[in-house]
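Asker: could you look at this predicted model? Sequence included:
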Amino acid sequence: MSNPKATMHERDAELTETAVRDRVKQTEVDAVARNGLANSEREELAALRRENRRLREDVDVLKRATAFFAKETQ
């Protein structure tokens, strides 16, 4: 199947489906280790940051409303 005189690149071209799948998995693992987060974790973090920003804005609006109504009742 494999030519002993073939270069590494030529042998790489003869990869089986399983070998390719294993390389893809390893690349994903390496990317997570290098970047610190998997894509799904990065997406979740972005969503949580958006929600956090919105909640902080809501709290700010409520603080302003509380201050406004507190002034009117005095």
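Answerer: In hand now; what should we look at? Numbering: from 1, shown residues only.

Asker: which SS class is Leu15?
Answerer: Assigned with DSSP: H, G, I helix; E, B strand; the rest coil, Leu15 falls in the coil class.

Asker: phi, psi of it?
Answerer: Phi and psi for Leu15, reported as degrees, to the nearest 10, are phi -60, psi 150.

Asker: what is the burial count for it?
Answerer: 12 (other CB atoms under 10 Å). Quick note: C-beta positions are derived from backbone N, CA and C, even for glycine.

Asker: same check, this time on the one 10 residues further on
Answerer: Here the count is done by other CB under 10 Å, and Lys25 has 10 residues near it.

Asker: quick one: which helix or strand includes it?
Answerer: helix 17-35 (DSSP states H and E).

Asker: quick check: next helix or strand after that helix?
Answerer: Following helix 17-35 toward the C-terminus (DSSP H and E): helix 39-72.

Asker: any idea of the angle that following helix forms with helix 17-35?
Answerer: In terms of direction (axes from the mean of the first three to the mean of the last three CA atoms, to 10 degrees), helix 39-72 departs from helix 17-35 by 40 degrees.

Asker: show the average pLDDT along helix 39-72.
Answerer: Taken as a whole, helix 39-72 has an average pLDDT of 94.

Asker: so who does Ala67 touch?
Answerer: Neighbour list for Ala67: empty [criterion: CB atoms under 8 Å, 6 or more residues apart in numbering].

Asker: distance of it relative to Arg56?
Answerer: Separation of Ala67 from Arg56 (CB to CB, to the nearest Å) stands at 17 Å.

Asker: give me the distance between the residue nearest the centre of the chain and Gly36.
Answerer: Of all residues in the chain, the one closest to the mean position by CA atoms, centre = their mean is Arg42, 2.0 Å from it. Distance, Arg42 to Gly36, using CB to CB: 9 Å.
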